[in-house]
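[1] got a predicted model here, sequence first, then my questions.
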Amino acid sequence: MALRRTKIVGTLGPATDDPNVMRSLIRAGMDVARINYSHQTHEHHERRFRLIREQATALGTEVGIIADLQGPKIRIERFRDGPIFLEEGDAFTIDTALGPDDGDEQRVGVTYRNLSKDVKFGDKLLIDDGRIILKVECVRGTAIECTVLLGGQLSDNKGINREGGGLSAVSLTDKDREDLRHAVYMGADYIAISFVESPEDIAEARDLIKLANGNCGVIAKIERAEALEHAEGIIEAADGIMVARGDLGVEIGDAYLVPVQKRLVRMARQMKRFVIVATQMMESMIDKPLPTRAEVFDVANAVLDGTDAVMLSAETSVGKRPMQAVQAMARICLGSERQWEEQDSQVRLDIHFDRVDDCIAMSAMYAANRIEAKAIAALTETGNTCITMSRMNSAIPIFAFTRHVHSQRKVTIYRGVYPINFDVMHTESAEVNRELVNILSYRKVVEQGDLIIITKGDSRGTTGGTNSMKIVRTGDYIEQLF
């Protein structure tokens, strides 16, 4: 059976709280679990942390966990007598001083108290992902007086964006800081920061993780128009990015979303960062047993662009058939990768290496693609060698042999990388190569006569110490060099 290289992130929720369902998601192909701190309580999240760890252990595998912080989601407040209906041309006011439950047919409050300072005449406010559009006519104190350009039913707690971006809410709220500490305590592998605007937001998150004695990776969610202006700095500061297409699409417009997604995926790969494509990928499967053709093409295009992972949100967290959603996404990824693997490896022969381990990683991939190696076995402490390898287009699987559980979980998000628990400190140096080959043979990854590339360091157990590459052939004399 072919190994799927594109990873699947599944969002946990009420639909996944049954241990049997959780187990079925892992078996169906969920590589990484997302815990969404926008909903429910820390007690709910704790149960899900424990459940995913228990079920992964029972199945003899590792599943990474992303703790996704809510961020400064700007929402209208609530209506006194239930949903209202706005007609085109109606006058409607958003008042930052209005009570949280005092909304009516003429006005409503908002969670972001500085909204009246961030908008001006002519701005367009997009509510509920653009289903309602208001034009700002004037700002009087705390009241933003608008005209309805696109009407419809409006209910409590819907999100607000300004077309083109420009709202100045800070990326990390007090709630986010509390949730971050909780996620670190629970052992999250990655923290996703919502509504990132600049590299400084990532630096602040890293400082908070360090203060909480954590070593989580940081994912920057690209969902603000302003983030695109600082995309290179944000990507460099983070371990990976998530192309969060909901709010981003509202702010920049649907017509620009596709080229922006492709550019972000390309930038992340070039800068040796991983990338997740997210939001409404298979939304029809919240209720339906099969995805639409448009959803199939959406997932397939992300795979062909070279994304590390594709994400399911409500499809798994509250959907009727979470396991089937993962299975469908896995099928699409595998089918798309058959086309992707026909591309050239795109090796940059002019690149300058600042690190020896990066040089070894790229050399290994260059060789592997040209001698038709069956697998790459990378002895690694942190997974850095593996992410460098995975930035190159290749159908050759990369196995991250590491003794650290955190590193095993960390690499679950990297395209084409698969973790294997292996303690190099408990294996004689002379036997390491033979043991790696034996493990891959036992897993039916390689057969007699297959070529394998092994990367490792002379100094065992040293971070960043990868400095050698060896080509071996399986069989009686695996030490034979080519």
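    Received, thanks. Numbering: from 1, shown residues only.

[2] pLDDT below threshold where in the stretch 351-482 of the chain?
    351-352, 429-430, 459-462, 464, 476-482 (pLDDT under 70).

[3] for the spatially most central residue of the chain, phi and psi?
    Geometric centre of the chain, nearest residue: I276, 3.8 Å, by CA atoms, centre = their mean. With angles defined as degrees, to the nearest 10, I276 sits at phi -120, psi 130.

[4] which helix runs longest in the protein?
    Looking across the chain with DSSP state H, the single longest helix is helix 322-340.

[5] for that helix, name the packing helices and strands.
    strand 7-11, helix 19-28, helix 293-305, strand 309-312, helix 314-317 (3 or more CB pairs under 8 Å, 6 or more residues apart in numbering; DSSP states H and E). In short, each C-beta sits where N, CA and C put it, glycine included.

[6] got a list of what R321 touches?
    By CB atoms under 8 Å, 6 or more residues apart in numbering, the contact list for R321 reads 285, 289.

[7] about what we covered before: what about the longest helix of the chain, distance to the chain center?
    Relative to its chain's centre, helix 322-340 lies at 17 Å (CA atoms, centre = their mean, to the nearest Å).

[8] how about stretch 164-171?
    The chain centroid and the centroid of stretch 164-171 are separated by 22 Å under CA atoms, centre = their mean.

[9] give me the contact list for it.
    By CB under 8 Å, 6+ apart, stretch 164-171 touches 71-72, 74, 112, 114-115, 117-118, 161, 193-197, 201, 204, 224-226, 251-252.

[10] take the residues you listed and keep only those in strands.
    161, 193 (DSSP state E).

[11] mind checking which of the contacts of stretch 164-171 are buried?
    Among these, those that count as buried by neighbour count (16 or more other CB atoms under 10 Å) are 71-72, 74, 112, 115, 118, 161, 193-197, 201, 204, 224-226, 251-252.

[12] still on that earlier bit, specify the beta-bridge partners of the residue nearest to the centre of the chain.
    Beta bridges link I276 to M242, A309, judged by DSSP bridges.

[13] ok, it touching I241?
    Yes - if you go by CB atoms under 8 Å, I276 and I241 touch, sitting 7.3 Å apart.

[14] overlap in contacts, those two.
    I219.

[15] in the stretch 51-200 of the chain, mark out all the strands, start to finish.
    64-68, 84-86, 91-95, 107-108, 124-127, 132-140, 143-150, 152-154, 160-162, 190-193 (DSSP state E, counting those that start in this stretch).

[16] how far is the lowest-mean-pLDDT helix or strand in the chain from where the chain is centred?
    The helix or strand of the chain with the poorest confidence is helix 356-371; it has a mean of 88 (mean pLDDT, DSSP states H and E). Chain-centre distance of helix 356-371: 26 Å, with CA atoms, centre = their mean.

[17] list the buried residues in it.
    357-369.

[18] just the CA atoms of it, as CSV, please.
    Taking C-alpha atoms only, helix 356-371 is exported to CSV below (Å, rounded to 0.1, in the frame of the first residue of the first chain):
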residue,chain,number,x,y,z
VAL,A,356,26.3,20.8,7.8
ASP,A,357,23.1,18.9,8.6
ASP,A,358,21.2,20.8,5.9
CYS,A,359,23.9,20.0,3.4
ILE,A,360,23.7,16.3,4.2
ALA,A,361,19.9,16.4,4.0
MET,A,362,19.8,18.0,0.6
SER,A,363,22.6,15.8,-0.7
ALA,A,364,20.7,12.7,0.5
MET,A,365,17.6,13.8,-1.4
TYR,A,366,19.5,14.6,-4.5
ALA,A,367,21.1,11.1,-4.5
ALA,A,368,18.0,9.3,-3.5
ASN,A,369,16.0,10.7,-6.5
ARG,A,370,18.8,9.6,-8.9
ILE,A,371,19.5,6.1,-7.7
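
[19] nice, that's everything, thank you.
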